[in-house]
Structures are given as structure tokens and as C-alpha cells.
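1. Here's a sequence, model it:
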Amino acid sequence: MPKQRLLSGMQPTQPMLHLGNYETLRTWVRLQDEFEMYCCIVDWHALTTLAECSDQIAANSRSVAIDYLAAGLDPERNSIFIQSHVKEHAELAMLLGMITPLSWLERVPTYKEKRENLQIESVSFGLLGYPVLQAADILLYKPYGVPVGKDQLPHLELTREIARRFNFLYGEVFPEPQNILSDVPMMMGLDGRKMSKSYGNAIFVADSADETTAKIKTAFTDPEKIRKDDPGHPEGCAVFSLHTVYNRPNVDTVERECRSGARGCVACKKECSEAVNASLAEVRARRAELEKEPERVEAILNRGAERARAFASATMKEVREAMKLR
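-> Below is the predicted model:
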């Protein structure tokens with residue numbers, strides 16, 4: 001019996017993925033035994049914020065591919081590819097854009113968040129319309145589900161709304177993809193906000209152990225814990241948040257000692273740094289090896305695009321027939 005499909009992707013807005021991305025990747029790695037995975041690097045989405053420096057995106061995309069592979073995605077079982085190498089994404093996005101009301105796009109929370117937090121003076125059509133492109137990315141592969149973080153849930157709901165509208169107008173073509181929440185649905189950044197490349201609060205998979213330690217030393221902690229023996233409040237502390245992911249065997253001890261005042265922030269950050277670096281040691285070593293093999297990475301991306309194109313072109317044939325465009 002064929003496996004059900006999953007689709008997910010990440011933006012190459014930076015050459016490196018941060019720990020929030022990495023935890024999502026670990027969920028993908030777990031799911032690859034159960035599902036057929038289409039793992040996309042969504043380079044066109046990166047243009048929503050990098051249109052004026054687009055020359056970075058191709059190199060960033062290869063670096064993200066290295067992160068995918070270093071995290072443990074198997075290119076023999078999964079299609080790993082760059083979005084712009086499969087032109088059917090653009091065609092479906094254009095067609096779906098014709099049936100998507102503007103009001104649906106204006107209410108998307110991450111659109112408002114990007115516009116306000118990045119202080120974008122003039123919003124592009126691409127930024128407002130990127131949820132339609134994201135819907136095309138997903139629906140093209142008719143997946144059972146999409147592994148997502150909490151912040152992506154409104155986007156996936158919008159994808160389902162667009163699929164329902166298409167099916168109502170032209171007949172049943174697209175299934176409604178299900179939410180598959182990542183094992184760590186949201187990673188807190190070093191400043192206490194969601195970890196994001198845009199906010200400058202991220203630890204990257206490719207950071208060295210020393211860079212990671214230096215970043216954690218600057219992390220936001222409990223502002224009411226002034227002295228070492230003051231009782232702390234772990235909730236809302238960026239360092240404790242990292243302990244919950246990378247130091248799980250000791251997290252109860254960390255919380256108890258923090259709340260009682262038996263643990264100071266300096267020692268807590270040191271233990272946290274050691275746990276994060278130990279957890280990332282293997283993936284960092286694999287990443288360093290893959291960086292020495294750019295031809296191998298390119299071959300994997302080409303093979304992944306061929307597989308994706310084969311499925312996507314069949315879907316587009318159905319779409320054109322349903323819309324009576326041929």
C-alpha cells in the first residue's frame with residue numbers, strides 16, 4: 001500500500017537554520033519512516049523580504065539543503081528540492097490567486113506581524129499574497145498533512161479554505177491537508193520572543209560551540225531574580241525554555257532549584273550551553289562533512305526536483321481540465 005504524502009518547506013532567508021527550524025526538522029526525520037515526504041526549500045518565499053538582495057538566495061538554499069541532510073532526512077526516501085526548480089508552483093499560485101478574496105489575505109496574522117515588526121514601509125504584492133503561493137506549494141502534492149509550528153496554523157487553515165473554494169467552483173481535486181504539529185511547536189528566542197532569523201534572537205545549527213555559549217550568556221532570564229539566591233520564575237525565561245528541549249533528564253531539577261533560589265543564572269546558562277552543544281554535536285559534524293561535497297548536494301536537489309515535477313505536472317493537468325483551460 002503506498003504511503004501517504006506530507007509536504008513541508010523552509011525559507012532560505014539566511015544561510016543557516018536556527019534551533020526552531022531544527023526541531024521542526026527532527027519531526028520531519030521522525031515522520032519519514034511513516035510517510036512519503038516532499039521537503040521543499042521555498043526560495044520564492046524568501047523574496048518577500050530579500051527582493052533587493054536576491055543574489056544571496058541561491059547560496060542560502062544550498063546551505064538549507066545541507067541542514068536538511070545533516071539533520072537526518074534521507075534523500076533516497078524523500079524528495080528534497082528547491083521550489084523555483086518546479087515551475088508548477090508558480091502556475092498553481094497564479095490560478096489560486098484568481099479565486100482568493102483579498103480580505104482572506106489581509107487577516108493572516110503573520111502578514112500583520114511581518115509588516116509591523118520588520119517596519120516595512122511599502123508592502124509588496126508578494127508579501128500580501130504569499131499565503132496563496134504557500135497554498136499552491138502544499139496543494140500541488142495533495143498531501144495528507146503538513147508538519148507545522150503553532151504560528152503556521154492560520155496559514156494551513158487558509159490553504160484548506162482555498163482548497164474548498166476551488167473544489168466548490170470546479171469539482172473535487174484537492175484534499176484538505178491536516179495539521180501535524182511539530183514535537184516542539186514553538187521555540188523561544190534568546191530575547192523571550194519566538195525564535196526568528198528576522199528578530200536576531202536565534203541560535204543557528206551551524207554556530208560553533210563557542211558561539212552558542214556566548215549567545216546563551218546574553219539570553220533573557222527572569223528580571224525579578226536579581227541575586228543568585230532570589231527565587232526565580234522559569235516560565236518566560238529563555239534559558240529554561242532551552243533546558244526543556246535539550247536538557248530534559250534534568251529539567252525538573254533545574255526548575256526546582258531555580259524556584260527555590262538554589263540555582264543562579266550564571267550556572268544555569270553554563271549547564272544549558274553544555275546541553276545544547278552536546279545535542280547538536282553530531283548534526284554539526286555531519287554538516288561540516290556535507291559542506292565539502294557541493295556536487296553531491298546539487299545532485300540530490302536535482303533528483304528531488306525531478307520527482308517533485310513528475311507529481312506536480314500530473315496535478316496541474318487535473319487542475320487545467322477541472323477549470324476547462326484546455
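
2. what are the ranges of the helices in the stretch 151-300 of the chain?
-> Along the stretch 151-300 of the chain, the segments classed as helices by DSSP state H, counting those that start in this stretch run 153-170, 209-217, 238-246, 251-260, 265-290, 294-322.

3. what about the first one, average pLDDT?
-> Looking back up the chat, that one is helix 153-170. If you average the pLDDT over helix 153-170, you get 95.

4. what's the answer for the fourth one, then?
-> In this model, helix 251-260 carries a mean pLDDT of 91.

5. quick one, that helix and helix 238-246 angle?
-> Counting by axes from the mean of the first three to the mean of the last three CA atoms, to 10 degrees, helix 251-260 lies at 160 degrees to helix 238-246.

6. Show the contacting residues for Arg165.
-> Arg165 makes contact with 99-100, according to CB atoms under 8 Å, 6 or more residues apart in numbering. From N, CA and C alone the C-beta is placed, and that goes for glycine too.

7. Can you give me the distance of it to Glu176?
-> When CB to CB, to the nearest Å is the yardstick, Arg165 and Glu176 sit 11 Å from each other.

8. shared neighbours of these two, anything?
-> Both Arg165 and Glu176 lack any common contacting residue under the criterion CB under 8 Å, 6+ apart.

9. hang on, the earlier thing: please work out which of the helices of the stretch 151-300 of the chain is packed deepest.
-> The highest mean neighbour count among the helices of the stretch 151-300 of the chain belongs to helix 238-246 (a mean of 21), with neighbours defined as mean count of other CB atoms under 10 Å.

10. Packing partners of it?
-> Secondary structure elements in contact with helix 238-246, counted by 3 or more CB pairs under 8 Å, 6 or more residues apart in numbering; DSSP states H and E, are helix 19-31, helix 251-260, helix 265-290.

11. Would you mind giving the helices of the stretch 151-300 of the chain as JSON lines with distance to Phe125 added?
-> Formatted as JSON lines, those follow (distance: least, CB to CB, whole Å):
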{"stretch": "helix 153-170", "distance to Phe125": "17"}
{"stretch": "helix 209-217", "distance to Phe125": "36"}
{"stretch": "helix 238-246", "distance to Phe125": "36"}
{"stretch": "helix 251-260", "distance to Phe125": "45"}
{"stretch": "helix 265-290", "distance to Phe125": "36"}
{"stretch": "helix 294-322", "distance to Phe125": "22"}
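
12. Which among those is found nearest to Lys228?
-> helix 265-290 (7.6 Å; CB to CB).

13. Tell me, how many residues neighbour Gly232?
-> 26 (other CB atoms under 10 Å).

14. Could you do Leu127 as well?
-> Leu127 is surrounded by 21 other residues when neighbours are defined as other CB under 10 Å.

15. next one: the one 10 residues further on
-> If you count neighbours by other CB under 10 Å, Asp137 ends up with 26.

16. relative to helix 153-170, how tilted is the helix or strand that contains it?
-> Asp137 is located in helix 125-139, with elements delineated by DSSP states H and E. Calculated by the same axes, to 10 degrees, helix 125-139 forms an angle of 70 degrees with helix 153-170.

17. ok, then the element right after helix 125-139?
-> For helix 125-139, the following helix or strand on the C-terminal side (DSSP H and E) is strand 145-148.

18. Thanks again, I'm all set now.
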